[in-house]
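J.: Got a predicted structure plus its sequence, pasted below:
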Amino acid sequence: MFTFVDFDGVLHPLNARPERRWTSMFVRAEVLYRRSHVQVVVSSSHREFTTMEAMQSIFPADLRDRVVGATPMIAVGAGDVRLPGRHREVLAWLSGNGASESAWIAIDDDAERYADDCRQLYLVDPSTGLTWADVDGLCSRLGVD
């Protein structure tokens, strides 16, 4: 099971001041502790300007090895153009990593980045990012260990 995680609007409120950055990481970590079979792939635009190690360092030390990659950047017009860009990037990562048949969930604050009928999207309120109220819902969607 893979979770594709956006950062801005998910791991902290959208446009958060520096002191509010990563405020939802404790919520994300709780979900990962409860669902040890889940791996994380970064789908955030942060992957465009920072290293994998820097993105892993945002997570608690004992969870960093579960951050297994970042989605590729796909040129406009490449891939299945019927799908929005972020959705195409997720499918490209799954295909490129031999995981096309794997279960996945995208945790994002922008529904327009995914197909209208995308059942794998877990939509987060960008004004708050993940909250403790999301833990049970996410755990339910991610199944059991």
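T.: Good, I have the coordinates.

J.: isn't residue 92 right up against residue 71?
T.: Yes: with contacts counted by CB atoms under 8 Å, residue 92 reaches residue 71, the gap being 6.9 Å. Where C-beta positions appear, they are placed from N, C-alpha and C, glycine not excepted.

J.: okay, those two: which has more neighbours?
T.: Shown here are residue 92 and residue 71; by other CB atoms under 10 Å, residue 71 has more neighbours (22 against 17).

J.: The closest residue to the more buried one other than its chain neighbours: helix or strand, and which one exactly?
T.: With CB to CB, 6 or more residues apart in numbering as the criterion, residue 71 has its nearest non-adjacent residue at 3.9 Å, and that residue is residue 89. According to DSSP states H and E, residue 89 maps onto helix 85-96.

J.: packing partners for the next helix-or-strand element following that helix?
T.: Next along the chain after helix 85-96, taking DSSP H and E as the criterion, comes strand 104-108. Using 3 or more CB pairs under 8 Å, 6 or more residues apart in numbering; DSSP states H and E, the elements in contact with strand 104-108 are strand 2-5, helix 85-96, strand 121-123, helix 134-142.

J.: mind checking which of these is nearest residue 115?
T.: Nearest to residue 115, of all these, is helix 85-96, at 5.5 Å by CB to CB.

J.: So for the closest one, what gets flagged as buried?
T.: Buried residues in helix 85-96, counted by 16 or more other CB atoms under 10 Å: 85, 86, 87, 88, 89, 90, 91, 92, 93, 94.

J.: how about a markdown table for the residues you listed, with distance to residue 109 and pLDDT added?
T.: Shown next, in a markdown table, are those (distance: CB to CB, whole Å; pLDDT from 0 to 100):
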| residue | distance to residue 109 | pLDDT |
| --- | --- | --- |
| 85 | 15 | 76 |
| 86 | 11 | 85 |
| 87 | 15 | 88 |
| 88 | 18 | 89 |
| 89 | 16 | 92 |
| 90 | 15 | 94 |
| 91 | 20 | 92 |
| 92 | 21 | 92 |
| 93 | 19 | 95 |
| 94 | 21 | 96 |
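
J.: possible to save those as TSV with distance to residue 114?
T.: Listed next are the buried residues of helix 85-96 as TSV, based on distance: CB to CB, whole Å:
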residue	distance to residue 114
85	10
86	6
87	4
88	10
89	10
90	8
91	10
92	14
93	14
94	14
